[in-house]
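Participant: Could you work out the structure for the sequence below:
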Amino acid sequence: MAKVKQICEEKLRPVIEEMGYDLVEVEYVKEFDGMNLIFTIDKEEGVTIDDCEKVNKVIDPIIDELNPTDDKPFTLVVSSPGLDRPLKTDRDLRRNLGSEVTLTLFAKLDGSKVFEGVLKAFDEKTVTLQIKDEEKVFERDKVANIKLIIKF
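Facilitator: All right, here's what the predicted structure looks like:
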């Protein structure tokens, strides 16, 4: 399964990025209806159904040619990451610098696992939040997830 994901990510990332989208993730997973090859795409102003359809039409014939599943049947799905998805990549973090986020740790720090603040900075080892009047630095390997705070 990792091979399918790796082949698709490697060969299709440039195609998808050339179309003006970010490839957030590729998954090859068993669902109730069989195997699904899921491409999650994003762009600055958000993803529409038309965007998903457009990317699907372009990558479908390329996937057929690549045959990453060795002729095993699958359903191709192209979707948006959704508003409440975790920020996983450096690109996600960079795009959301200055945004309010919820950061959740694997283990408690100062009596809490959950912290809310403004995403101020990050590097390969740390993430910094502005929490009220204090900047708090978290080690990335101790962070379970970071999500945007969505206000309507």
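
Participant: for residue 77, helix, strand, or coil?
Facilitator: What DSSP: H, G, I helix; E, B strand; the rest coil gives for residue 77 is strand.

Participant: Surely it is in contact with residue 37?
Facilitator: Yes. Using CB atoms under 8 Å, residue 77 is in contact with residue 37, at 7.0 Å. Every C-beta, even on glycine, is put in place using the N, C-alpha and C of the backbone.

Participant: could you show me where the helices are in the protein, in order?
Facilitator: Using DSSP state H, the helices of the chain run over residues 2-18, 49-66, 90-95.

Participant: Just send those back as JSON lines, with distance to residue 81 too.
Facilitator: Listed next are those as JSON lines, based on distance: least, CB to CB, whole Å:
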{"stretch": "helix 2-18", "distance to residue 81": "13"}
{"stretch": "helix 49-66", "distance to residue 81": "11"}
{"stretch": "helix 90-95", "distance to residue 81": "9"}
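
Participant: Any idea which of those helices gets closest to residue 137?
Facilitator: When these are compared for distance to residue 137 using CB to CB, the nearest one is helix 90-95, at 13.9 Å.

Participant: so who does the residue nearest the centre of the chain touch?
Facilitator: Closest to where the C-alpha atoms of the chain average out (CA atoms, centre = their mean) is residue 24, at 4.1 Å. When contacts are counted by CB atoms under 8 Å, 6 or more residues apart in numbering, residue 24 touches 40, 41, 42, 81, 85, 88, 89, 92.
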